[in-house]
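Asker: sequence and predicted model, in that order:
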Amino acid sequence: MEFTTGQIASLINGTVEGDPSLKISRLDKIQEGKPGGISFLSNEKYEPYLYTTEATAVIISEGFKPTKSFKTNLIRVKDAYLGFTHLLEAYAQFTKSALVGVVEPAYLDESSKMGQNGYRGAFSYIGKNCVLGENVKIHPQAHVGDRVQIGDNTVIHAGAKICADTVIGSNCEVSPGAVIGSDGFGFAPQEDGSYKTIPQIGNVILEDWVSIGANTTIDCATMGSTIIKRGAKIDNQVQIAHNVIIGENTVIAAQTGISGSTEIGKNCIIAGKAGIVGHIKIADNTTIGANTGISKTIKKSGQTLFGYMAMDMKNFLKSYTIFKNLEGLENRIKELEKKP
Amino acid sequence: MEFTTGQIASLINGTVEGDPSLKISRLDKIQEGKPGGISFLSNEKYEPYLYTTEATAVIISEGFKPTKSFKTNLIRVKDAYLGFTHLLEAYAQFTKSALVGVVEPAYLDESSKMGQNGYRGAFSYIGKNCVLGENVKIHPQAHVGDRVQIGDNTVIHAGAKICADTVIGSNCEVSPGAVIGSDGFGFAPQEDGSYKTIPQIGNVILEDWVSIGANTTIDCATMGSTIIKRGAKIDNQVQIAHNVIIGENTVIAAQTGISGSTEIGKNCIIAGKAGIVGHIKIADNTTIGANTGISKTIKKSGQTLFGYMAMDMKNFLKSYTIFKNLEGLENRIKELEKKP
Amino acid sequence: MEFTTGQIASLINGTVEGDPSLKISRLDKIQEGKPGGISFLSNEKYEPYLYTTEATAVIISEGFKPTKSFKTNLIRVKDAYLGFTHLLEAYAQFTKSALVGVVEPAYLDESSKMGQNGYRGAFSYIGKNCVLGENVKIHPQAHVGDRVQIGDNTVIHAGAKICADTVIGSNCEVSPGAVIGSDGFGFAPQEDGSYKTIPQIGNVILEDWVSIGANTTIDCATMGSTIIKRGAKIDNQVQIAHNVIIGENTVIAAQTGISGSTEIGKNCIIAGKAGIVGHIKIADNTTIGANTGISKTIKKSGQTLFGYMAMDMKNFLKSYTIFKNLEGLENRIKELEKKP
C-alpha cells in the first residue's frame, strides 16, 4: 500500500511543506524514521529528531516553528498527535476493508449465510445455520461453529474458535487463538468420588464493540447466556467462566480470571492477573489492582481495591509497608517484654 | 432436532399432563421460557414463574401441587431436577453421536486407523501410525500428531492439539485450543550464560474419563510420561509441566499452574489460579484455595490450605484479619513504648 | 526409526560391551526399560536397576564397575549422562531434519519464498510477501501472516500463529498454539465512557535461538517493535504486552505476565506466575520468585526478589514467618497492655 505525501495531507486536512509527490508506505517512530516512512512530532522532547530523521515526512502541529534545518518534508495539521491518530485509523480501516472474498480451501456450510464484502481466509470453517452480517472478516484457520450469529464489521482473527450457538454483535474483534463458548466447568460429584459431566447448553453473547484478546477463553452458560456487554475490552489470556456478565465499557487486563455466575458492573477497570470468585457482584466504576483477589460482593461503586484479599488500596499499602519489616515490629515487642 | 412432549416424557419416565404432541426444540430457564422450550421447576423459589412462563412444557416433581392456573404443559417425574438432568444428558449424547463421517478436506495419514462411528471435521489432521477407537470425534481444525492413541468415545474439540506420542483413554474430552504433549521447558545452562535445549522425549497419558479445558497446556515428560489419571477434571488455561502426575478424580480450576515432576494425590480439589512448585507431593483429599501458593510437600491428607504461601485456611484468615489493620497494631506498640 | 547398539556406540564415541547388532528404537528410563530401549546409568542411586532392567542396552561411564550380574548390553562412554544427552540431541536433530516437503493441502502465497529443505504441513498457511530461510519447518495448521520473515532452522509448531510483520531469527522454536504479534491492548477513553481502539502498527521481533512455549501470547508494539532478544527462553502461557523488551538469555517460566513497555535485562530468571507492571526496567541478572509482583524499576543487578509486592527474598520469608502467627503477636501486645 502506497500513498503520496499530498494524498496523506489531504486525508488528514493538512498542508504539505515540501514535495507533495513523495511515496509513503510505512508509519515510523521519528527517532527510527527511514525513507518511505512518515512520523509525527507532538512531544517537544522529540524535537531534536526532526533535524536528523530520515523519514520522508513528519506530521507537525500548526504552531510549531523549527529552529534548525532539516531534510524531511512536513505535513502541517492543527494537532500533530490527532492528525497522526487519524492517519492510523484510516490505515487500519483501509487494511481491514481491503480483505474481501474467499481464499480456498475454506469451508462454509451451505445452510449458512454471509453478508456483502465479507472475507473468508484459507482453512477457515463455518458450520451449519450461521448468519454473518456485512463486512465480516473470518481470518485463515478461524472456526465458527453451528448456529453462530455475527454482526456487521466484526473480525474473527486467525485460529480463533467461536463455538456453537455464540451470538456476536457488530464491530467486534476476536483475537487469534481466543475460544468463545467452550463448555463451562460443571461436574456433579458422585458417591464413589468420581464426577459426572453436567451438560452445558447455554451460549455466549458478545454485544457490539466488544474486543477479545489472544488466547482468552469465555465459557458458555450452563443454561442461558454468558454476556459481555457493549464496549467491553478484554485483554489476552483472560478466563471468563460460565454465566458471568461483564458490564458495558468495562476493561479487563491480561491473565485475569472470573469464576462462574459473577456479575461485573459497567465502566470498571480490572488490572492484570486479578482473580474474582464466583456468584458475587462488583459495583459499577470499581477499579481493581493487579493480582488482586476479590472474594466478596462489592456494593459501593467507585472504590479502588487492591491486595491478596482485596481491601482499600491505601490501607493495603500502609499494612504492606509494616509487613515488610514485621521482624522490626516483633523486636519492639521483645524490648517491651523485657521491661519489668 | 425436535421432540414431542410425549417423546420427552417417555425418555425420562414421566407422564404428560397436557398435550403430548407439542414440539420441543430447546431447553430454557423457567424464567426465560419461550414457546418451543422445555424448563424444569425444582427450587420452590422459582414456583411463581410456573404461572407466567411461556415455555411449552415444564418438568415437575411427583408431589408438587400448583396453587394457581398456568398455560404451560407439565411433565411429571419422580424428581424434577434429576429428570431434567437426564434430559440434558440424553440431549448431549444425541448431539455427540449425531456427528459421524468425514467433512473434507480432512487429513488422515494412510498408516493410521479409526474405529467405527468416528467423525473427522474439516481441516482436522491425523498424523502417522495413530490408533483411534470407536466413536472418536475429531472436530474441525483439531490436530493429532504421529503415533497418538485415543480410546473409545473420546472427543477432541476444534483446534485442540494432541502432540506426537500422546496416549488418551476412553470417554475423554479435550476442549478447543488445548495443547497436550508440547515440549517440557528444559534448558541446560552453558558457561557463556546461554541455554541449550534438553530434548524432551517422553509423552503425556490421559487415562479414561479425563476432561481438559480450553487453552490448557500439558507438557510431555522429559523421559517417561506426564500422567493425568482416571476421572481427573482440568479447567481452562491450566498449565501442567513435564512429568507431573495428577491423581484420580482430582479437580483443578482455571489458571492454576503445576511445575515439573510434582505429584498430586487423588480426590483433591484445587481452586483457580493456584501455583504449585516442582518436585513435591500433595496428599490425597487436599483442598487448595484460590490463588494459593504451595512450595512444600503436603503429607497429611484432608487439609484445606490457603494463602500466598499456603497454610491452614483458618489460620491464614486470622492472620490476614490482623494484617488488614497492621497500622493499628503498630499504634498500640507505640502507645506501650510511651509508657515509662 | 531404528539403530543398532553398534551404530549408537559409534555415534556417541563409545564401545559396546555385549552384542553390537541389537536393534534400538526407543529411549527409556532405566527403571522402566523394555526390550528395544536404551537407557543410561549416571546417578549411583539407580545402580540396582542395572541388574534388573529389561532395556536392550544401558550407557555407562568409563570408571563404573558392576557388582552383580545383568542381562542388558553396555555402551561405555567417558561420561554416561553426557553420552545420553548427545544421543538425545542426535535423535531430536534427526527427527527434525526428517521433516521435508509439503503435505497438501497447504497454502503458500505465490509472493512468498521458502528456503531449501523446508517443511509445510497440511492446512498450514503462509500469507503474502514472506521470506523463510533454509530448513524452516511450518507444522500442520500453523499460521504465518503477511510480510513475516523467518530465519534458518526455525520451527513453527502445530497451530501456532505468527501475525503479520513479525520478524523471527534463526534456530527459534514456537510451540503449539502460541500467538506472536497479536494487537497490543490499547484503547483511548472517550468522554461518554466508551473506548476507541488505538491501531497497533508495530511488530514483534524474536532474535536467534529464542524459544516460545505453548499458548504463550506476545503482542506487537503500538509503534516500533516488541523484542525478545537472542537466547531468551519463554515457557507456556506467558503474556508479553506491546513494546516489551526481554534481554538476552533471560528465562521466563509459565503463566508470568509482563505489561506494556517494560524492559527486562539479560540473564534474568523469572519463575512462574510472576507479574511485572508496565513502563519499568529490571536490571540484568535479576532473579524473580514464583508468583512475585514487581511494581517498580529494579536498578541493582543480581538481586533475588520475592513476594506479593516484591522485596528481598530473605526479608520476605522472615516477615511471612511472623505473619503466619500474627494472632500470637497480637496476644503478646494484649499481655503488655494488661500490665499496669
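Answerer: Yep, it's here.

Asker: for the stretch 1-150 of chain A, which residues are neighbours of chain B?
Answerer: Counting by CB under 8 Å from any CB of the partner chain, the stretch 1-150 of chain A comes close to chain B at A:105, A:107, A:123, A:125, A:127, A:141, A:143, A:145. For every residue, glycine as well, the C-beta is placed using N, CA and C.

Asker: pull out the buried members of those.
Answerer: When the residues of the stretch 1-150 of chain A next to chain B are checked for burial by 16 or more other CB atoms under 10 Å in any protein chain shown, the buried set is A:107, A:123, A:125, A:127, A:141, A:143, A:145.

Asker: restrict these to those near chain C?
Answerer: Near chain C, by the rule CB under 8 Å from any CB, you find A:123, A:141 out of those.

Asker: now the buried ones among the residues of the stretch 1-150 of chain A next to chain B as TSV including secondary structure and pLDDT?
Answerer: As requested, those are exported to TSV (DSSP: H, G, I helix; E, B strand; the rest coil; pLDDT from 0 to 100):
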residue	secondary structure	pLDDT
A:107	strand	98
A:123	coil	98
A:125	strand	98
A:127	coil	98
A:141	coil	98
A:143	strand	98
A:145	coil	98
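
Asker: so which of the buried ones among the residues of the stretch 1-150 of chain A next to chain B comes closest to residue C:271?
Answerer: Of all those, residue C:271 sits closest to residue A:141, with 33.2 Å by CB to CB.

Asker: which residues touch the closest one?
Answerer: A:121-124, A:158-159, B:123, B:141, B:159, C:123, C:125, C:141, C:143, C:159, C:161 (CB atoms under 8 Å, 6 or more residues apart in numbering or on different chains).

Asker: again with residue A:260
Answerer: So residue A:260 contacts A:184-185, A:241-244, A:278-279 (CB under 8 Å, 6+ apart).

Asker: swap in 10 Å and give it another go.
Answerer: By CB atoms under 10 Å, 6 or more residues apart in numbering or on different chains, the residues touching residue A:260 are A:184-186, A:219, A:221-222, A:226, A:240-244, A:277-279, B:253-254.

Asker: equivalent analysis for residue A:226, please.
Answerer: A:166, A:180-181, A:184, A:202-206, A:218-220, A:240-246, A:258, A:260-261.

Asker: sec struct for residue A:63, please.
Answerer: What DSSP: H, G, I helix; E, B strand; the rest coil gives for residue A:63 is coil.

Asker: just the pLDDT for it.
Answerer: Residue A:63 is assigned 90 on the pLDDT scale.

Asker: for burial, what's the neighbour tally of it?
Answerer: Residues lying near residue A:63 (other CB atoms under 10 Å in any protein chain shown) number 8.

Asker: burial count for the residue lying closest to residue A:323 once chain neighbours are set aside?
Answerer: Spatial nearest neighbour of residue A:323, chain neighbours left out: residue C:319 (5.5 Å); criterion: CB to CB, 6 or more residues apart in numbering or on different chains. Residues near residue C:319, counting by other CB under 10 Å, number 22.

Asker: what packs against whichever strand or helix holds residue C:319?
Answerer: Taking DSSP states H and E as the definition, one finds residue C:319 inside helix C:313-323. In terms of contacts (3 or more CB pairs under 10 Å, 6 or more residues apart in numbering or on different chains; DSSP states H and E), helix C:313-323 is packed against helix A:313-323, helix A:326-338, helix B:313-323, strand C:304-306, helix C:326-338.

Asker: got a list of what the residue nearest to residue A:323 touches?
Answerer: Counting by CB under 10 Å, 6+ apart, residue C:319 touches A:320, A:322-330, C:307, C:311.

Asker: so what's residue A:16 bridging to?
Answerer: Beta bridges link residue A:16 to residue A:75, judged by DSSP bridges.
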